[in-house]
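1. Quick one, what's the 3D model for this:
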Amino acid sequence: MTEAEIAAVLQSRLAAPVKIAIKRRQGHLHVLLNRPSQARLDYPHLTDQVQAELKALALSGLEQVTVYGRESGHTEYEWEQTGSLLNPTLAMADTTVSLAEKSDLLLEDLTIVAPDPVNLRRNPRPEPVDRTETGSRFSLVWLGGALLAAGIGLAFLILAFL
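-> All right, here's what the predicted structure looks like:
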């Protein structure tokens with residue numbers, strides 16, 4: 001299934017006033033939800049819907065999906081969440097690189113599908129974005145590695161002076 005076909009399926013099944021853009025990078029699908037400025041979206045609910053629809057499509061080779069949300073005409077995302085499309089017992093450790101590390105170039109060439117006017121309706125306000133979680137797993141791994149290296153270095157210094 002092509003990116004445009006996936007976007008069209010999601011566009012028809014999501015009851016939200018958004019333009020959907022899709023980009024597939026190996027086993028990772030990136031879904032961008034562009035909302036009109038007057039629309040308010042329930043991003044957690046939409047993310048769950050996107051994941052459920054993608055699991056129902058059973059697209060081969062897809063392991064993860066990242067859903068991004070932003071207001072049309074803006075470059076900064078108001079929402080970003082990555083989830084697994086694999087059976088939880090088969091899923092591997094999360095290896096997603098945070099947006100801060102990969103820049104927005106990844107999403108520049110997304111295929112955009114126009115919204116279905118039948119699905120336009122008002123939705124609740126989006127929940128505030130918790131930016132502290134983005135990249136926190138990577139930060140903790142890096143911090144742990146740095147502390148381990150410092151501890152080993154300190155142990156060698158102590159042994160050298162004994």
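
2. I'd like to know the average pLDDT value across the longest helix belonging to the chain.
-> With DSSP state H applied, the helix covering the greatest number of residues in the chain is identified as helix 136-161. Helix 136-161 shows an average pLDDT of 79 in the prediction.

3. One more: stretch 5-13?
-> The predicted confidence, averaged over stretch 5-13, sits at 89.

4. Could you list the low-confidence segments of this protein?
-> Scanning the chain for pLDDT under 70 picks out 87-140.

5. quick one, strands of it?
-> Taking DSSP state E as the criterion, the chain contains strands spanning 19-25, 28-35, 64-71, 79-84, 111-113.

6. In terms of secondary structure, what does the fourth one contact?
-> For strand 79-84, the elements it packs on are helix 43-57, strand 64-71, judged by 3 or more C-beta pairs under 8 Å, 6 or more residues apart in numbering; DSSP states H and E. All C-beta atoms are positioned from the backbone trio N, CA, C, and that covers glycine.

7. Next: the third one.
-> Where contact means 3+ C-beta pairs under 8 Å, 6+ apart, strand 64-71 is packed against strand 28-35, helix 43-57, strand 79-84.

8. Quick check: buried residues in the second one?
-> I take that to be helix 43-57. Of the residues in helix 43-57, those buried by neighbour count under the rule 16 or more other C-beta atoms under 10 Å are 43, 46-47, 49-51, 53-55, 57.

9. What of the first one?
-> Going by neighbour count (16+ other C-beta under 10 Å), the buried part of strand 28-35 is 28-35.

10. nearest to H74, of those?
-> For H74, the nearest member of these is N34. The distance, counting by C-beta to C-beta, is 8.9 Å.

11. quick one, what contacts that closest one?
-> Contact criterion C-beta atoms under 8 Å, 6 or more residues apart in numbering gives 18-21, 70-72, 112 as the residues in contact with N34.

12. If any of the residues you listed are buried, give me the PyMOL selection for them.
-> One line in PyMOL is enough to select the buried ones among the contacts of N34; burial here means 16+ other C-beta under 10 Å:
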select buried, resi 18+19+20+21+70+71
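
13. Now flag whichever of the contacts of N34 is closest to F161.
-> When those are ranked by distance to F161 (C-beta to C-beta), R70 comes first, at 56.2 Å.

14. wouldn't that closest one be in contact with E76 here?
-> Yes: taking contacts as C-beta atoms under 8 Å, R70 lies within contact range of E76: 6.6 Å.
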